[in-house]
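Asker: Coordinates for the following, if possible.
(one chain, ligands or ions: 1)
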Amino acid sequence: MTTETMLPANLKTLISEEQLQQRIQELADEINRTYRDTEALYLVCILKGGFMFCSDLAKKLTIPCQVEFIRLSSYGNQQKSSGVVKPVDLTLPNLNGKDVLLIEDIIDTGLTLDFFMEYLASLHTPKSIRLAVLLDKKEARQRHVETHYVGFEVGNQYVVGYGLDDQGLYRNLPYIAYFDLDEAAR
Ligand code: IMP
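Answerer: Presented below is the predicted three-dimensional model:
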């Protein structure tokens with residue numbers, strides 16, 4: 001039995017694997033150009049959701065890179081932001097004078113990135129900080145956060161796959177999917 005057949009019937013593809021990879025290549029080309037003279041670009045991957053985007057983006061970068069990971073949580077097991085960002089692991093090397101690119105799966109209310117940007121600025125003085133998000137749910141924004149590299153804009157619906165989960169599931173899908181609420185799950 002394939003994984004595909006074990007998925008709920010109302011789980012529909014929103015952004016295919018090919019579309020994701022093509023757009024990530026475009027973002028990587030832009031990042032390679034912007035940072036062509038960097039000593040090293042520090043990719044800071046926000047876990048858990050950012051792991052696939054970070055991995056695929058990093059593989060397409062041709063500039064010198066270091067990859068760091070932090071872990072934040074704001075959703076608990078709900079499909080709605082709890083409004084409280086829980087730092088799980090914020091361990092980072094000294095980023096003073098470094099070029100830093102934060103990598104996040106999705107920006108929704110903006111609370112998570114607002115919190116982390118403020119935290120970073122309170123402890124480090126990077127040469128530059130930019131933000132790459134795969135998905136932007138603009139309609140849900142509660143905090144203004146400047147995004148520099150955006151993969152796709154999505155509507156205000158819950159999406160899963162490619163790092164994003166619903167109660168821990170679906171992170172492994174190589175595409176972005178949504179639940180079609182008009183169609184009953186199997
Ligand atoms: P924000 O703080 O509301 O911007 O939400 C950021 C975090 O919430 C993301 O890193 C995701 O982990 C999670 N999140 C927001 N929207 C979704 C979604 O549609 N599916 C899965 N996770 C989401």
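Asker: Name the residue closest to the centre of the protein, please.
Answerer: Note on the chain: the residue nearest the mean C-alpha position is Asp105, at 1.5 Å, using Cα atoms, centre = their mean.
Asker: can you pull the pLDDT of the closest residue to that residue other than its chain neighbours?
Answerer: Of all residues not flanking Asp105 in the chain, Gly49 sits nearest, at 3.4 Å (Cβ to Cβ, 6 or more residues apart in numbering). Every residue, glycine included, has its C-beta placed from N, CA and C. Looking at Gly49, its pLDDT is 95.
Asker: who's in contact with Gly49?
Answerer: Glu104, Asp105, Ile106, Gly163, Leu164, Asp165, Arg171 (Cβ atoms under 8 Å, 6 or more residues apart in numbering).
Asker: could you dump those residues to TSV with distance to Ala121?
Answerer: Shown next, in TSV, are these (distance: Cβ to Cβ, whole Å):
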residue	distance to Ala121
Glu104	16
Asp105	22
Ile106	22
Gly163	25
Leu164	27
Asp165	29
Arg171	29
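Asker: just the residues you listed now: which is nearest the ligand?
Answerer: Set against the ligand, the nearest of the contacts of Gly49 by Cβ to the nearest ligand atom is Leu164 (3.9 Å).
Asker: At the contact with the ligand, which residues of this structure appear?
Answerer: For the chain, the residues found near the ligand under the criterion Cβ under 6 Å from any ligand atom are 49, 74-75, 81, 104-112, 158-160, 164.
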